[in-house]
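*Asks:* sequence unknown, structure follows:
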């Protein structure tokens, strides 16, 4: 389990640096300011790194951001290698994460249901 703490630290460092790189270094117009790195999962051999990206916008904007990140993947990996001291810099695999939008949608639905129940309770009195 020693590697578990090590991997958590590596994932946190990679996530922090990728967030900074995507926000300030990547100049692709498809990658907007509403793009954020949600979490990072690196394999134990440091060969691959899944980067979960959240994009607020419509499907067209999401597709554009993912294509932009894929095209800039080599550049991002190069900058990551300069900033994070690892023997091997992992290959970055960008994945779209819809969990933020899902939670916002669920929250709206719960609020609508609770408002509906309050209206029913108020009318029966």
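*Replies:* Thanks, I have the structure now. Remember, it's a predicted structure, so these values are computed and weren't measured experimentally.
*Asks:* can you list contacts of stretch 84-103?
*Replies:* Contacts to stretch 84-103, defined as C-beta atoms under 8 Å, 6 or more residues apart in numbering, come from residues 10, 13-14, 17-18, 38-39, 42-43, 45-56, 62, 66, 69-70, 73, 76-77, 80-81. Heads up, the C-betas are built off the backbone N, CA and C, glycines and all.
*Asks:* end-to-end on that stretch?
*Replies:* 32 Å (C-alpha to C-alpha, to the nearest Å).
*Asks:* just stretch 93-105 next, same as before
*Replies:* End to end - C-alpha to C-alpha - stretch 93-105 spans 27 Å.
*Asks:* which of the residues in it are buried?
*Replies:* 94, 97 (16 or more other C-beta atoms under 10 Å).
*Asks:* From the chain's centroid, how far away is it?
*Replies:* 8 Å (C-alpha atoms, centre = their mean, to the nearest Å).
*Asks:* helix/strand/coil for the residue nearest to residue 64 when sequence neighbours are not counted?
*Replies:* Among residues not flanking residue 64 along the chain, residue 30 sits closest, at 4.0 Å (C-beta to C-beta, 6 or more residues apart in numbering). Of the three states, residue 30 takes coil under DSSP: H, G, I helix; E, B strand; the rest coil.
*Asks:* Going by neighbour count, which residues of the helix or strand containing residue 19 are buried?
*Replies:* In this structure, residue 19 sits in helix 2-20 according to DSSP states H and E. By 16+ other C-beta under 10 Å, the buried positions in helix 2-20 come out as 10, 11, 13, 14, 15, 17, 18, 19.
*Asks:* returning to that earlier point: just the buried ones from the contacts of stretch 84-103?
*Replies:* 10, 13-14, 17-18, 38, 42, 46, 49-55, 62, 66, 69, 76-77, 80.
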